[in-house]
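Peer 1: Build me a structure from this.
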Amino acid sequence: MSSAVPKNVSPLIRACRWGLLLTGVVYGRIHYKTVKAKEEKVHENEINKATHHYIQKLGEKKIMGEQSMVELAHAAGVDPNRARIKQQITDAQHNDQTLVNKMDNDITATAPVSQSLKTSKTSHH
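Peer 2: Numbering: from 1, shown residues only. As a prediction, the model looks like this:
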């Protein structure tokens, strides 16, 4: 094999190469920032659009479900408004009962402390 000796490259050509390389890096960085900013706005708009679309579809499904329940109630011979009011009353009673149970639990949880305070007061006298 023959070993070729590398040729000396002119300092002007070397300086031009390095200058162009650094210019390319700086240009790439600036271009990346501008493209990134534009794409972030586009991405945010896409997310907002998808969210709005999802919420709209969810609302449509809820309305269709309620309409279906009304049709089913009519087919079964039940007044849907009366059934809705009855359900609201049942829910309110359930919430009231849950509140009463919670209060009872709170009272029983604090009762032993109250009892121990009463016994400690009577024992000192």
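
Peer 1: contacts, neighbours, all on C-alpha from now
Peer 2: Fine.

Peer 1: Which strands or helices does the helix ranked longest in the chain pack on?
Peer 2: Using DSSP state H to define each element, the chain has its longest helix at helix 11-76. Packing partners of helix 11-76 (3 or more CA pairs under 8 Å, 6 or more residues apart in numbering; DSSP states H and E): helix 80-124.

Peer 1: Give me the mean pLDDT for the helix it packs on.
Peer 2: Mean pLDDT, helix 80-124: 67.

Peer 1: residue closest to the middle of this protein?
Peer 2: Among the residues of the chain, the one closest to the centroid is Thr51, at 11.0 Å (CA atoms, centre = their mean).

Peer 1: Show the contacting residues for it.
Peer 2: Contact analysis of Thr51 by CA atoms under 8 Å, 6 or more residues apart in numbering lists nothing.

Peer 1: same deal with Ala73?
Peer 2: Listed by CA under 8 Å, 6+ apart, the contact partners of Ala73 are Asp79, Pro80.

Peer 1: tell me the pLDDT at it?
Peer 2: Ala73 is given a pLDDT of 83.

Peer 1: Could you measure from it over to Thr90?
Peer 2: 18 Å (CA to CA, to the nearest Å).

Peer 1: Then Gln67?
Peer 2: As judged by CA to CA, Gln67 and Thr90 stand 22 Å apart.

Peer 1: Same question for Asn101.
Peer 2: To Thr90, Asn101 is 16 Å away according to CA to CA.

Peer 1: What of Lys61?
Peer 2: Using CA to CA, Lys61 is found at 25 Å from Thr90.

Peer 1: Please apply the same query to Tyr27.
Peer 2: Using CA to CA, one obtains 69 Å as the distance from Tyr27 to Thr90.
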